[in-house]
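Student: missing the sequence, but the structure's below:
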Ligand code: G3P
Ligand code: CA
């Protein structure tokens, strides 16, 4: 396993998807970060998992209905623990500023409520401005986001993210991984880890695809995926995953 990728930062030690969570993750020595990105009403890219504000802040409503400045006045920390009171929603620029020494940067683009793919080229261009483009992997459950990235620059590494094996796109993937990779210009698969086997990973590799499963938190699953040749794991337990990854 080459890459241990912390899911939303060190989300057990600090509020998920905040600069505190990413800094704690860096201190652990991870290979990469995974985050979740949305577009604000005024076209800024911000890091947050949910489309709405209620779970992880003191705000209400959808991110896409608020300006960046309005979102920055919200508290994204006290829901997790009092010492994080006042933690702000990170801009993608602030997130990228922490990534200089990482081997892999996984930006997950969430589906925009209005179907806009504007976040895709903006992410690609920003990664280039930060000198991170060659280490970037953009993932999404929304294939139109991924295609908008490779439309912007065909060299963008994109990863199809999936869980539901009954989705037509997933059935298309399983009919031929090679054809799917070529048709959608993919560099990687980001499957939910539960359905994987050694053969599945080998088939993806034969199709030229990296495999970075999520969200892998248990020792046994980490060991299996390492032994089956998964390229990376997206995990809520980065310290454990690093221990397993380093002991073959
Ligand atoms: O990128 C892997 C994983 O984060 C996808 O699911 O809901 O945690 O964004 P979710
Ligand atoms: Ca995610």
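Tutor: Sure, I can see it. From a predicted model like this one, the values you see are computed outputs, not experimental measurements. Ligands and ions are numbered 1, 2, ... in the order given.
Student: Thought residue 74 was touching residue 57, still the case?
Tutor: Yes: Residue 57 is within contact range of residue 74, at 4.5 Å (criterion: Cβ atoms under 8 Å). C-beta here means a position set from N, CA and C on the backbone, and glycine is covered the same way.
Student: Show me which of these two is the more surrounded one.
Tutor: The residue with more neighbours, out of residue 57 and residue 74, is residue 57; 22 against 18, by other Cβ atoms under 10 Å.
Student: contacting residues for the residue of the chain found nearest ligand 1?
Tutor: Minimum separation of the chain from ligand 1 (Cβ to the nearest ligand atom) falls at residue 214, amounting to 3.6 Å. Contact partners of residue 214, counting by Cβ atoms under 8 Å, 6 or more residues apart in numbering, are 7, 34, 161, 190, 191, 192, 193, 233, 234, 235.
Student: ok, and the most crowded of those?
Tutor: Among the contacts of residue 214, residue 233 has the most neighbours (other Cβ under 10 Å), with 31 neighbours.
Student: backbone phi and psi for that residue, please?
Tutor: Main-chain dihedrals, residue 233, degrees, to the nearest 10: phi -130, psi 140.
Student: Please apply the same query to residue 26.
Tutor: Dihedral angles (degrees, to the nearest 10) for residue 26: phi -60, psi -40.
Student: Do you have the helices of the chain handy? List them.
Tutor: In the chain, the helices defined using DSSP state H lie at 19-28, 68-72, 92-97, 119-129, 143-152, 168-175, 177-183, 198-206, 219-227, 238-246.
Student: would JSON lines of those helices with mean pLDDT be doable?
Tutor: Rendered in JSON lines, the data for the helices of the chain read as follows (pLDDT from 0 to 100):
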{"stretch": "helix 19-28", "mean pLDDT": "98"}
{"stretch": "helix 68-72", "mean pLDDT": "98"}
{"stretch": "helix 92-97", "mean pLDDT": "99"}
{"stretch": "helix 119-129", "mean pLDDT": "98"}
{"stretch": "helix 143-152", "mean pLDDT": "98"}
{"stretch": "helix 168-175", "mean pLDDT": "98"}
{"stretch": "helix 177-183", "mean pLDDT": "98"}
{"stretch": "helix 198-206", "mean pLDDT": "98"}
{"stretch": "helix 219-227", "mean pLDDT": "98"}
{"stretch": "helix 238-246", "mean pLDDT": "97"}
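Student: Reformat these into TSV and put mean neighbour count and distance to ligand 1 next to each item.
Tutor: What follows is those, written out as TSV (neighbours: other Cβ atoms under 10 Å; distance: least, Cβ to the nearest ligand atom, whole Å):
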stretch	mean neighbour count	distance to ligand 1
helix 19-28	20	13
helix 68-72	16	19
helix 92-97	19	15
helix 119-129	20	14
helix 143-152	20	13
helix 168-175	14	14
helix 177-183	15	19
helix 198-206	15	16
helix 219-227	17	14
helix 238-246	20	14
